[in-house]
Every structure is written in structure tokens, then in C-alpha cells.
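K.L.:
no FASTA, just this:
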């Protein structure tokens, strides 16, 4: 009996091929750049659809893919592979008023941080300095992680960790399938060696 990883790899490969077929039917002749984009987008949709929209990152990735493409090919691929209409992933609205409030809050936060640093540097023990440095490092790494995981900007810390672990496992499946496919293609058509 195959394990869940093998089943996920089979499902990904099947959906990836389906996405590539939809792209090739949508546009018969593609440039190399368009082919590269079609391969990436169909792979992203395929791996996200293996999660059945059960995760934030998969919904965000599908929404990003469907809104990324200038034509409707990506939206069609998403709808055909997932079997449902594309829903736009909710992003936080940034009207001019919200942006102004956010900027004001950032200015206030910076002034508070600056005054806190001055107080810390005046003679507070090294343990407080170490604690504040550790908090800053964690905050920076969390910000970077949120930028790497699709939809990560809207997640809290606990959700971000769970989603990241799931996203990494899915990416591992995607990479394994692509490596096996590349190795199989290389075995079928070995590169010609030139003699110098």
C-alpha cells in the first residue's frame, strides 16, 4: 500500500500535467519565457490543489496565481484543476486613511523604540539588552518568514509555523517529482558529449 507522500506525488504529477495541457491548449505557440511561466504556474496550482484549500498558503497561492497572469490562462488552470471558481484571497485593504494611520503608528512606534533604546543603554543590565536583541531577531525572522510563505502576511505566529511546515512538506513533494521527471528525461535522451 503506497504511503501518503507517494499518493501526494502522484496527485501532484497528474494535476501538473493537466495544468500544462490546459496552458498548451490555451496558447499553441509560446516563447521560452511563456513556457517557463506556464510550467511554474501550473506547478504552483498543482501543489496548492493537493491541499484541497485546507491551508491558508494554498488558498493564497491559488489567488496569487489567478491574479498574476495578464490573460485568463492562469484563472482557467486554477478553476479546472481545483474544480471550483476562483475566490480572491482577502488582503488587508489599504485606503489612504488606513495608510495614513499606519504611517502615524509607525512614527510613534519608532519614537518609542528610540526612547526605550536610550533607557536601555543608560545602564540597564545585559540580560535586558540580550532579551531585547533576541526579540528583535525573532521579529525580523518572523517578518522574513511571512514574506516567504504565500499568505503569510495575514497569519499569526502559531498559524505561521504550522503553515510553514505544511508548505515545506508540499515543496519537498514538488521538488522530488520534478527531480524524478528530469532524471527520467535525461535517461531517455542523454546529452551529446562534444569531443574537443
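P.N.:
Thanks, I have the structure now. Everything numeric in this text was worked out from a predicted model, so none of it was measured.

K.L.:
need the contact list for the nearest residue to residue 176 once chain neighbours are set aside.
P.N.:
Nearest residue to residue 176 in three dimensions, chain neighbours excluded: residue 9, at 6.3 Å (CB to CB, 6 or more residues apart in numbering). C-beta coordinates here come from the backbone N, C-alpha and C atoms, glycine included. Each residue near residue 9 by CB atoms under 8 Å, 6 or more residues apart in numbering is listed here: 173, 176-177.

K.L.:
how many residues are close by residue 187?
P.N.:
8 (other CB atoms under 10 Å).

K.L.:
separation between it and residue 181?
P.N.:
11 Å (CB to CB, to the nearest Å).

K.L.:
isn't residue 8 up against residue 171?
P.N.:
No - assessed by CB atoms under 8 Å, residue 8 is found out of contact with residue 171, at 11.7 Å.

K.L.:
and the two? Which one has more around it.
P.N.:
residue 8 (21 against 11).

K.L.:
please name the nearest non-neighbouring residue to that one.
P.N.:
residue 173 (5.2 Å).

K.L.:
could you do residue 18 as well?
P.N.:
residue 81 (6.0 Å).

K.L.:
residues contacting that neighbour?
P.N.:
15, 18-19, 22, 45-46, 49.

K.L.:
in helices only, show me these.
P.N.:
Per DSSP state H, helices hold the following members of the contacts of residue 81: 15, 18-19, 22, 45-46, 49.

K.L.:
list the buried residues of whatever helix or strand residue 140 lives in.
P.N.:
Here residue 140 is covered by helix 126-148, with elements defined by DSSP states H and E. Of all the residues in helix 126-148, those buried under the rule 16 or more other CB atoms under 10 Å are 142, 145-146.

K.L.:
rewinding a little: I'd like the contacts of residue 81 laid out as a markdown table, including neighbour count and pLDDT.
P.N.:
Formatted as a markdown table, these follow (neighbours: other CB atoms under 10 Å; pLDDT from 0 to 100):
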| residue | neighbour count | pLDDT |
| --- | --- | --- |
| 15 | 22 | 92 |
| 18 | 17 | 92 |
| 19 | 27 | 90 |
| 22 | 20 | 89 |
| 45 | 27 | 90 |
| 46 | 25 | 91 |
| 49 | 25 | 90 |
